[in-house]
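>>> Sharing a sequence plus its predicted fold:
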Amino acid sequence: HQLMPWVIISLTITQMFFLILTNYVTNPFKPTEADFVVVNGNGLNPLLQNITMAIHPPTLYLGYVGFSVPFAFAISALVNRDTSPLWIQSIRRWVLVAWLFLSMGIILGGWWAYQELGWGGYWAWDPVENASFMPWLTGTAFLHSIIIQEKKNMLRIWNAILIMLTFALTIFGTFLTRSGVMSSVHSFTESPLGPIFLAFVAIIVTVCAILIFHSLPKLKSNKHIESLTSRESGFLFNNVVFVTMCFAVFWGTIFPVISEAVRGTKITVGPPFFNQVNVPIGLLLLMLTGVGPLLAWRRTSRSNFIKYFSIPIGLALIAAIVFLLSGFRGYVVISLMLSVFVVVAIVTEFKRGVQVRMNRFGESSFVAFRTMVRKNRSRYGGYFVHLGIVLMFI
């Protein structure tokens, strides 16, 4: 496998960086320098005495660390100028596992914050919460666009940029947590780690930019998106929305630091900014969750468009009227209406697949469903995840 030498080099450099930090910069085994004698420790802060708090950090870090493997493969592919989908196929499981742990880590953290009422809600837009959310957004975009590279050999530059952004953001997230730059409920105190992490992020971004720039002629795909109503364009829109949301969160998170550096006063950005910007973007994402599966590859004909979209749209509009009569208003109605649209769209996709198998092979509905999911796990697994996202919106 010609990719492996550079994969191992990239992973070794990353590991060396962290080993140098733990051995020479902040040794975790160094005795505490205190001017009093602690006979018996006070134990954990009561807020941290929670089962989810025992699972949340390692789960989150498995997600962070997991993304270093796809990143190493991307570096190797660029160094070897290998534009085949080989590196994508090699990392598919790694991406899925890293994404799964990152998602679980974020949800467990939210659950803990909600139970302990430290912030009074699932999402307080705390800088350290955002630190894990940003790589999740770009990682999710990457997870979608590798499907296009595998099936159509398109979006190659986009994929290289996305995985490199994801890895850089995991390091940046660690920087936010450990540097003490942000005033956050759960960042650590000031430590000498900040500048070192920032330098490492700068090196990663520079090296990636140089590699992508050098490989541009080979990375450019000769295939183009043929129609706005194709599944390819659905994936691309979805990715643009993810990256836009990531930029909005990134900007809101680092703005206090920039304002302090430029004007000398720290302007804090609170939840109202994030909610104002991200709620509409989130609802657009929710809509695309339902639209994507209904679109055909290359082009969706007008008759198919009407055939596939009329029932989900019709039921969503009826649901909207019911919600309005029930006294819901504003974004709540839009969110619930889109949730109905997505659920109906996904259920009709399952129904269509099962019906095809029943007609062709004479299988019972249960056998047809089981075989269909088993034979096309990535597609139908994705639909199950979409249903999970709908539940979260509700």
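Everything's here; your move.

>>> quick one: low-confidence parts of this protein?
Applying pLDDT under 70 to the chain flags the ranges 38, 117-122, 183-191.

>>> quick one: secondary structure of the residue most central in space within it?
Nearest to the mean C-alpha position of the chain, by C-alpha atoms, centre = their mean, lies Trp136 at 2.4 Å. Under DSSP: H, G, I helix; E, B strand; the rest coil, Trp136 falls in the helix class.

>>> Could you find the closest non-adjacent residue to it?
Computed as C-beta to C-beta, 6 or more residues apart in numbering, the closest residue to Trp136 that is not its neighbour in sequence is Leu102, at 5.3 Å. From N, CA and C alone the C-beta is placed, and that goes for glycine too.

>>> do the same with Pro293
Nearest residue to Pro293, sequence neighbours excluded (C-beta to C-beta, 6+ apart): Glu349, at 5.0 Å.

>>> what comes up buried for the helix or strand encompassing that neighbour?
Using DSSP states H and E, Glu349 falls within helix 331-361. Residues of helix 331-361 classed as buried: 333-346, 348-350, 353-354, 357-358 (neighbour count, 16 or more other C-beta atoms under 10 Å).

>>> I'd like to know which elements it is packed against.
Helix 331-361 is packed against helix 271-294, helix 302-325, helix 365-375, helix 377-393, with contacts defined by 3 or more C-beta pairs under 8 Å, 6 or more residues apart in numbering; DSSP states H and E.

>>> okay, these, which one's buried deepest?
Highest mean neighbour count of these: helix 271-294, a mean of 18 (counted as mean count of other C-beta atoms under 10 Å).

>>> so that one versus helix 377-393, what angle?
140 degrees (axes from the mean of the first three to the mean of the last three C-alpha atoms, to 10 degrees).

>>> who's in contact with helix 271-294?
Helix 271-294 is contacted from outside by 124-125, 231, 234-235, 237-238, 241-242, 244-245, 248-249, 252, 300, 308-309, 312, 331, 334-335, 338-339, 341-346, 348-349, 383, 386, 389-390, 393, using C-beta atoms under 8 Å, 6 or more residues apart in numbering.

>>> before we move on, what about stretch 207-224?
For stretch 207-224, contacts defined as C-beta under 8 Å, 6+ apart pick out 75, 78-79, 81, 83, 152-157, 160-161, 164, 168.

>>> any idea how far the residue nearest to the centre of the chain lies from Ala248?
Distance, Trp136 to Ala248, by C-beta to C-beta, to the nearest Å: 14 Å.

>>> likewise Leu283?
Counting by C-beta to C-beta, the gap from Leu283 to Ala248 is 14 Å.

>>> and what of Ser339?
Taking C-beta to C-beta, one finds Ser339 at 22 Å from Ala248.

>>> Can you name the helix or strand that Ile212 falls in?
Ile212 belongs to helix 193-219, assigned by DSSP H and E.

>>> buried stuff in that helix?
Here helix 193-219 shows Leu193, Ile196, Phe197, Phe200, Val201, Ile204, Cys208, Leu211, Ile212, Ser215, Leu219 as buried, counting by 16+ other C-beta under 10 Å.

>>> Could you tell me the angle between the following helix or strand past that helix and helix 271-294?
Next helix or strand after helix 193-219 toward the C-terminus (DSSP H and E): helix 231-263. Orientation check (the same axes, to 10 degrees): helix 231-263 against helix 271-294 gives 170 degrees.

>>> thinking again about what came up before, looking at it, the residue nearest to the centre of the chain is touching Leu100, isn't it?
No - checked against C-beta atoms under 8 Å, the pair Trp136 and Leu100 is beyond contact range at 11.0 Å.

>>> circling back: tell me what angle the helix holding Glu349 forms with helix 377-393.
Using the same axes, to 10 degrees: helix 331-361 against helix 377-393 is 150 degrees.

>>> quick check: angle from helix 331-361 to helix 302-325?
Going by the same axes, to 10 degrees, helix 331-361 makes 140 degrees with helix 302-325.

>>> Just want the angle from helix 331-361 to helix 365-375.
Counting by the same axes, to 10 degrees, helix 331-361 points 100 degrees away from the direction of helix 365-375.

>>> ok now helix 331-361, how far from the chain's centre?
Distance, stretch centre to chain centre, for helix 331-361: 24 Å (C-alpha atoms, centre = their mean, to the nearest Å).

>>> likewise stretch 47-64?
18 Å.

>>> Need the contact partners of it.
43, 98-106, 108-109, 111-112, 115-116, 118, 132, 135-136, 170, 173-174.

>>> With respect to Phe18, which of the buried residues of helix 193-219 is nearest?
The closest of the buried residues of helix 193-219 to Phe18 turns out to be Phe200 (C-beta to C-beta; 9.5 Å).

>>> thinking again about what came up before, of the contacts of stretch 207-224 - the most surrounded one?
In terms of neighbours by other C-beta atoms under 10 Å, these top out with Ile75 at 26 neighbours.

>>> Tell me how far the closest residue to that one other than its chain neighbours lies from Leu165.
Nearest residue to Ile75, sequence neighbours excluded (C-beta to C-beta, 6+ apart): Ser10, at 4.6 Å. Noted for Ser10: a distance of 16 Å to Leu165, by C-beta to C-beta.

>>> What of Lys152?
Counting by C-beta to C-beta - Lys152 and Leu165 are separated by 22 Å.

>>> Trp87 sits in which helix or strand?
helix 86-116.

>>> what angle do that helix and helix 377-393 make?
Going by the same axes, to 10 degrees, helix 86-116 makes 20 degrees with helix 377-393.

>>> From the chain's centroid, how far away is stretch 369-383?
Using C-alpha atoms, centre = their mean, the offset of stretch 369-383 from its chain centre is 22 Å.

>>> same question but for stretch 71-87, I mixed them up
Counting by C-alpha atoms, centre = their mean, stretch 71-87 comes out at 21 Å from the chain centroid.

>>> buried ones in it?
For stretch 71-87, the neighbour count (16+ other C-beta under 10 Å) marks 71-79, 82-83, 85, 87 as buried.

>>> Can I get those residues in CSV including secondary structure and distance to Leu21?
Below are the buried residues of stretch 71-87 laid out as CSV (DSSP: H, G, I helix; E, B strand; the rest coil; distance: C-beta to C-beta, whole Å):
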residue, secondary structure, distance to Leu21
Phe71, helix, 18
Ala72, helix, 19
Phe73, helix, 24
Ala74, helix, 24
Ile75, helix, 21
Ser76, helix, 24
Ala77, helix, 28
Leu78, helix, 26
Val79, helix, 25
Asp82, coil, 32
Thr83, coil, 35
Pro85, coil, 35
Trp87, helix, 28
